[in-house]
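> Task: produce atomic coordinates for the following.
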Amino acid sequence: MNNFQSSIVARWGRVALATFGVAWLGGVAATPFAFADDKPAAKKEKAPKPPAEDPEVKLGRETHEDLLRSGLKLVKDPAILTRVETIGKKVAAVANAEPIPASYGSSKHVPYEYRFFVVDDDDVNAFSLPGGFIYINKGILRYAQSDDELAGIIGHEIAHAAHHHVAKLQREQSRLNTQMAIGLLAALVARVPTADTMNLMTGFQLIALQKVNGFGQDAERDADHAGVILAKQSGYNPVGSLTFMERLGRDQKQRPDVELGIFRTHPPEKERSGLIEAQIVGMGLPVNRREVTNTLRVQVRSVSASKEGETQPIVGNSEVLLDGKLLYRTPSADRAKEVAASINELLDKNLQIYDLTRKGASVYAKGKAVISVQDEDVTAYASSPTPVSAETAADSAFKTLRNALYRHLLNGSVY
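This is a model prediction of the structure:
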């Protein structure tokens with residue numbers, strides 16, 4: 001065996017002992033699992049030793065300390081931390097109360113003292129460490145449109161810890177490295193030429209990458225599934241997991257289309273959102289995206305106006321707003337509530353742009369008049385800069401509703 005071959009053997013011997021946890025954290029040193037050695041019983045006069053720290057908690061704690069030493073910046077704002085911790089503790093209490101069957105990792109139930117941190121990073125990302133260390137980037141708090149969406153994200157990360165995904169990934173990585181080392185040693189013993197040995201080593205590396213990334217995708221699917229259950233059982237709407245994933249997929253599509261292939265560590269967002277929606281439907285729950293996002297929001301508010309030459313405002317007009325834009329104005333509070341209820345019902349039934357028409361002073365949806373501007377309604381538009389008739393008010397309502405649906409379509413709640 002020549003010097004080059006000896007160096008190859010030494011290199012792959014070390015690789016066979018590597019753990020996935022180190023690479024998964026992007027090079028941050030992580031301590032492998034270590035279990036206490038058997039030791040002689042303590043002498044009676046000595047105080048009993050404290051129970052050994054759970055190996056996964058130890059790994060998470062030491063890695064957390066490494067992250068802080070390496071410069072990880074955490075948010076200190078009490079309001080932000082309170083929001084994350086309040087949601088996190090509710091979800092964690094469910095995870096600790098009873099196990100959720102795991103499709104990847106382990107269903108072994110270990111209640112953890114979950115710790116929640118907000119990372120001062122604008123990227124839309126979150127991650128967890130073994131033993132219950134959960135990290136939410138500041139960017140996620142801006143990106144999530146409701147506590148329901150945030151609960152789904154936190155549930156996903158808690159599931160990674162609760163189902164012991166890193167421990168499973170470490171075992172798989174160690175097994176693959178051992179197999180590669182054995183294969184390479186066999187090639188060297190067989191005196192395979194150096195060039196062929198290098199090609200073989202590259203092939204082993206690519207195969208290992210493909211398999212490990214495949215394991216990672218299985219872990220993500222399991223965390224998605226468990227995250228939906230945790231969100232639901234902790235009192236949040238699991239549709240938040242769906243809308244967050246759909247919006248993430250939409251934004252991913254706006255980036256350069258690069259097929260990651262074997263380098264992909266997460267399943268495609270379209271696949272993940274499809275599985276999440278199927279799971280929610282299978283749980284017998286309605287999929288109402290508007291309840292967990294800030295789009296297609298219908299509001300009714302009272303407004304005041306003044307006639308020219310009068311100093312006292314006229315109180316009593318009501319407005320129906322859609323995504324903060326005026327849809328309809330009327331002196332009748334009851335009529336405003338009726339219009340808002342009709343619009344909400346239609347939106348809940350997946351109203352589409354092609355369902356809308358306007359005839360005269362009425363707006364129709366699916367053949368039914370939902371807004372009919374009365375003559376007395378026109379008086380509520382007295383403060384408008386241009387004269388308003390019943391027909392122009394209806395036309396404005398039609399365009400507002402149509403444009404809101406169009407924006408919702410572009411924002412992508414569906415693919």
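> what helix or strand does the nearest residue to K325 once chain neighbours are set aside sit in?
Nearest residue to K325 in three dimensions, chain neighbours excluded: T400, at 5.4 Å (CB to CB, 6 or more residues apart in numbering). From N, CA and C alone the C-beta is placed, and that goes for glycine too. Per DSSP states H and E: T400 is located in helix 390-411.
> Now do that helix: which elements does it pack against?
On a contact count with 3 or more CB pairs under 8 Å, 6 or more residues apart in numbering; DSSP states H and E, helix 390-411 meets strand 314-322, strand 325-330, strand 356-359, strand 362-365, strand 368-372, helix 375-378.
> for the record, mean pLDDT for it?
Helix 390-411 comes out with an average pLDDT of 90.
> Residues in contact with that helix: which ones?
Here helix 390-411 makes contact (CB atoms under 8 Å, 6 or more residues apart in numbering) with 247, 250, 295-296, 322-323, 325-329, 343, 351-353, 356, 358, 360-363, 365, 371-375, 377-378, 381.
> For that helix, which residues meet the burial criterion?
Residues 390, 392-398, 400-402, 404-405, 408 are the ones in helix 390-411 that count as buried (16 or more other CB atoms under 10 Å).
> just the helices in this structure please.
Here the chain has its helices, by DSSP state H, at 3-15, 20-24, 55-69, 78-97, 138-143, 147-162, 165-189, 194-233, 239-253, 269-282, 333-348, 375-378, 390-411.
> got the helices and strands packed on helix 390-411 as CSV, with mean pLDDT columns?
Shown next, in CSV, are these (pLDDT from 0 to 100):
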stretch, mean pLDDT
strand 314-322, 82
strand 325-330, 95
strand 356-359, 96
strand 362-365, 96
strand 368-372, 96
helix 375-378, 91
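> Mean neighbour count and distance to Q233 added to these, as TSV?
Listed next are the helices and strands packed on helix 390-411 as TSV, based on neighbours: other CB atoms under 10 Å; distance: least, CB to CB, whole Å:
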stretch	mean neighbour count	distance to Q233
strand 314-322	18	33
strand 325-330	22	37
strand 356-359	15	39
strand 362-365	21	36
strand 368-372	17	37
helix 375-378	16	47
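> hang on, the earlier thing: which one of the buried residues of helix 390-411 sits closest to N96?
Nearest to N96 among these: H408, at 37.9 Å, using CB to CB.
> Next one: the closest one relative to A161, how far apart?
35 Å (CB to CB, to the nearest Å).
> same thing with Y354?
Y354 is 46 Å from A161, by CB to CB.
> Neighbour count: those two, which is higher?
A161 (26 against 9; other CB atoms under 10 Å).
> For the closest residue to D222 other than its chain neighbours, give me its contacts.
Leaving aside its sequence neighbours, D222 sits nearest to Y104 (CB to CB, 6+ apart; 4.1 Å). Applying CB under 8 Å, 6+ apart, one finds that Y104 lies in contact with H163, H165, K168, F215, D218, A219, R221, D222.
> Highest mean neighbour count out of the helices of the chain?
helix 147-162 (a mean of 27; mean count of other CB atoms under 10 Å).
> most centrally placed residue in the chain?
I153 (4.1 Å; CA atoms, centre = their mean).
> Look at that one and report its pLDDT.
At I153, the model reports a pLDDT of 96.
> partner residues bridging the residue nearest to it when sequence neighbours are not counted?
Closest residue to I153 apart from its sequence neighbours, by CB to CB, 6+ apart: A126 at 5.5 Å. Beta bridges link A126 to I136, judged by DSSP bridges.
> neighbours of A126, just the number please.
So A126, with other CB under 10 Å, has 19 neighbours.
> ditto for the one 3 residues further on
Each residue near L129 was counted by other CB under 10 Å, and the total is 28.
> Tell me if I'm right that it and A161 touch.
Yes. L129 is within contact range of A161, at 7.4 Å (criterion: CB atoms under 8 Å).
> shared neighbours, these two?
Common neighbours of L129 and A161 (CB under 8 Å, 6+ apart) are G60.
> check contacts around N125.
Going by CB under 8 Å, 6+ apart, the list of residues near N125 reads N137, G139, I140.
> And the second one, how far from D120?
What it means is G139. 10 Å.
> Equivalent analysis for the last one, please.
Taken as CB to CB, the spacing of I140 relative to D120 amounts to 12 Å.
> Domain ranges for this protein, per the record?
Following the assignment in automatic domain parsing, the chain carries domains at 1-34+47-291, 298-411.
> If you average pLDDT over each of those, which is lowest?
domain 1-34+47-291 (a mean of 76).
> L169 contacts G216, correct?
Yes. Using CB under 8 Å, L169 makes contact with G216 at a distance of 6.9 Å.
> Quick one: residues contacting A369.
With contact taken as CB under 8 Å, 6+ apart, A369 is in contact with S362, V363.
> can you give me the end-to-end distance of stretch 158-170?
18 Å (CA to CA, to the nearest Å).
> how much space between the residue nearest to H225 when sequence neighbours are not counted and E246?
Computed as CB to CB, 6+ apart, the closest residue to H225 that is not its neighbour in sequence is Q279, at 6.2 Å. Distance, Q279 to E246, using CB to CB: 14 Å.
> can you give me how far stretch 353-361 is from the chain middle?
With CA atoms, centre = their mean, to the nearest Å as the basis, stretch 353-361 stands 37 Å off its chain's centre.
> List the residues that contact L141.
L141 neighbours (CB under 8 Å, 6+ apart): I80, R83, V84, V118, L150.
> Go ahead and confirm the last one touches T243.
No. With contacts counted by CB under 8 Å, L150 stays clear of T243, the gap being 11.6 Å.
> quick one: stretch 139-147 to chain centroid distance?
Distance, centroid of stretch 139-147 to centroid of chain: 9 Å (CA atoms, centre = their mean).
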